[in-house]
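1. The sequence and its predicted three-dimensional model are supplied below.
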Amino acid sequence: MALVLFGVAAAWVLRGGADLAGLQETLRHHQAAPLLFLLFHVLASLLFLPRSAMAMVAGLIFGVWWGGLLAAAGSVLGAVAGFLIARYINNGMLSLGEMARFGRLVRRIEQGGWRAVATLRLVPVLPHTAVNYALGLTGVRLAPYAVGSLIGQLPMTVAFVQFGSASDHLLDGRPDWMLPTIIGAGTLILSSALPKLLPRLRDSGEDGTV
């Protein structure tokens, strides 16, 4: 799907069918643009569209600071929407904690609160939407879930917002596109390494070695 959309967009731009700079300026100065972005982000989160793509769009259109704020808010709102849909539609019909395959993991997440949710969010191979729906089937409370989702999703959100901003600089022919690219790559590497580093740091602290 991503390749097809990219191909269509590239063909459109090359044929002169899109004024990207004009579209960016229109969206940046339109009062409803941030609200529309948040709404679309929530819908994307419910429909298994990657939040990384939404973060890149935010960086491309709104820049690093506003784009980062909107992407972070959108990812949390989308996560909360999926969580609540799963919880209230399910309404006790299915409990992951009672399944032999998932019971132990679910209990660890419920006992760990926002820290467990944040650690789970840092695992890059877990689909954002699937995690939203799955955690809605657990006993995790909404407030710890929202806080943990915000913290755990933030590094990857920052990384892809930086990539989107770098794309904007590159399209404008500005020479400073390398800086957000390097920041984004570094943040992405750190985000990918954190799920392995955090348990080791916690175990070292419990052993009194740190």
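-> Okay, I see it.
2. Go through the host helix or strand of residue 84 and flag the buried ones.
-> Residue 84 is part of helix 51-90, with elements assigned from DSSP states H and E. Residues 51-52, 54-64, 66-68, 70-83, 86-87 are the ones in helix 51-90 that count as buried (16 or more other Cβ atoms under 10 Å). Placement of C-beta: from N, CA and C, glycine included.
3. and the helix or strand just after that helix, how far out from the chain's middle?
-> As assigned by DSSP H and E, the chain's next helix or strand after helix 51-90 is helix 103-121. Distance of helix 103-121 from its chain centroid, counting by Cα atoms, centre = their mean, to the nearest Å, is 18 Å.
4. And for stretch 156-166?
-> Stretch 156-166 sits 11 Å away from the centroid of its parent chain (Cα atoms, centre = their mean).
5. what mean pLDDT does it have?
-> Averaged over stretch 156-166, pLDDT sits at 87.
6. Run through who's touching it.
-> Stretch 156-166 is contacted from outside by 51-53, 55-61, 63-64, 67-68, 71-72, 75, 122, 124, 177-181, 183-185, 187-188, 191, using Cβ atoms under 8 Å, 6 or more residues apart in numbering.
7. Could you find the residue nearest the spatial middle of this protein?
-> A centroid search over the chain (Cα atoms, centre = their mean) returns residue 51, at 4.4 Å, as the residue closest to the centre.
8. got the angle between whichever strand or helix holds residue 157 and helix 103-121?
-> Assigned by DSSP H and E, residue 157 belongs to helix 142-171. On the basis of axes from the mean of the first three to the mean of the last three Cα atoms, to 10 degrees, helix 142-171 is oriented at 40 degrees to helix 103-121.
9. Just the buried positions in helix 142-171, please.
-> For helix 142-171, burial by neighbour count (16+ other Cβ under 10 Å) applies to 144-169.
10. Next: stretch 188-196.
-> 188, 191, 192, 194, 195.
11. Which strands and helices lie in contact with the helix holding residue 84?
-> Counting contacts by 3 or more Cβ pairs under 8 Å, 6 or more residues apart in numbering; DSSP states H and E, helix 51-90 is packed against helix 20-29, helix 33-46, helix 128-136, helix 142-171.
12. any chance of those in TSV, with distance to residue 104 too?
-> Listed next are the helices and strands packed on helix 51-90 as TSV, based on distance: least, Cβ to Cβ, whole Å:
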stretch	distance to residue 104
helix 20-29	47
helix 33-46	28
helix 128-136	15
helix 142-171	19
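13. and of these, who's closest to residue 111?
-> Nearest to residue 111 among the helices and strands packed on helix 51-90 is helix 142-171; the distance by Cβ to Cβ comes to 10.9 Å.
14. Output stretch 56-72 as CSV, restricted to C-alpha atoms.
-> Extracted C-alpha coordinates of stretch 56-72, given in CSV (Å, rounded to 0.1, in the frame of the first residue of the first chain):
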residue,chain,number,x,y,z
MET,A,56,6.4,12.3,8.9
VAL,A,57,3.4,14.2,7.5
ALA,A,58,3.3,16.4,10.6
GLY,A,59,7.0,17.2,10.3
LEU,A,60,6.7,17.9,6.5
ILE,A,61,3.7,20.3,6.9
PHE,A,62,4.0,21.8,10.4
GLY,A,63,7.7,21.6,11.1
VAL,A,64,9.6,20.1,14.0
TRP,A,65,8.0,21.9,16.9
TRP,A,66,4.3,22.1,15.9
GLY,A,67,4.6,18.9,14.0
GLY,A,68,6.0,17.1,17.0
LEU,A,69,3.3,18.4,19.3
LEU,A,70,0.5,17.4,16.9
ALA,A,71,2.0,14.0,16.1
ALA,A,72,2.4,13.2,19.8
